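*Asks:* the amino acid sequence is not available; the structure is as follows:
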């Protein structure tokens, strides 16, 4: 079964290592085969991967597009180690990404990495606004707050509202 993609005018996407740009009109294309495919909205570059979680996403993106985990493994694990040291509550998200990578499900790992990017955005937003940090449980399962995060360790506030 072919993958159907609808492209906006001048929208780009990647098939394998080839960047394809649509013309001036909306287009429907059908792709058959097993080459890795990413739409423009799902692509990070060295310039746009400007946060730790986005750099993790970029490392996975390169694994996926190059079909070569080993080539990017070391930088990926360095980035993950630094991220988890800064935000230990993200460990459940990272574990899910790692499991997808280990099973060779790199496209799914990219989707999980998108969750990590969103979680990072929420953490930063909460720290900047002075609110308590969110827990990984909130990001992963949307369970009740306080089920696994140490807000003080991640720059948040204690339950009483003071700094730790």
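*Replies:* Structure received. Predicted model, so just to flag it, every value in this text is computed and none were measured. Numbering: from 1, shown residues only.
*Asks:* all strands for the chain, in order.
*Replies:* Applying DSSP state E to the chain gives strands spanning 3-7, 12-15, 18-21, 27-31, 37-39.
*Asks:* and among the ones you listed, the most buried is which?
*Replies:* Across the strands of the chain, averaging neighbours per residue (mean count of other CB atoms under 10 Å) puts strand 12-15 on top, at a mean of 18. Where you see a C-beta, it was placed from the backbone N, CA and C, and this is true even at glycine.
*Asks:* contacting residues around that strand?
*Replies:* Residues outside strand 12-15 that contact it (CB atoms under 8 Å, 6 or more residues apart in numbering): 5, 7, 19-22, 31, 35-40, 43, 65.
*Asks:* okay, and the helix or strand of the protein with the least pLDDT?
*Replies:* helix 136-140 (a mean of 54; mean pLDDT, DSSP states H and E).
*Asks:* count the neighbours of residue 79 for me.
*Replies:* 21 (other CB atoms under 10 Å).
*Asks:* use 37 as the first number from now on
*Replies:* Sounds good: first residue 37 from here, last item residue 115.
*Asks:* I'd say residue 85 and residue 79 touch.
*Replies:* No: contact criterion CB atoms under 8 Å: residue 85 and residue 79 do not qualify, at 10.0 Å.
*Asks:* mind checking how far residue 96 is from residue 109?
*Replies:* 11 Å (CB to CB, to the nearest Å).
*Asks:* the more surrounded of these two?
*Replies:* The residue with more neighbours, out of residue 96 and residue 109, is residue 96; 27 against 13, by other CB under 10 Å.
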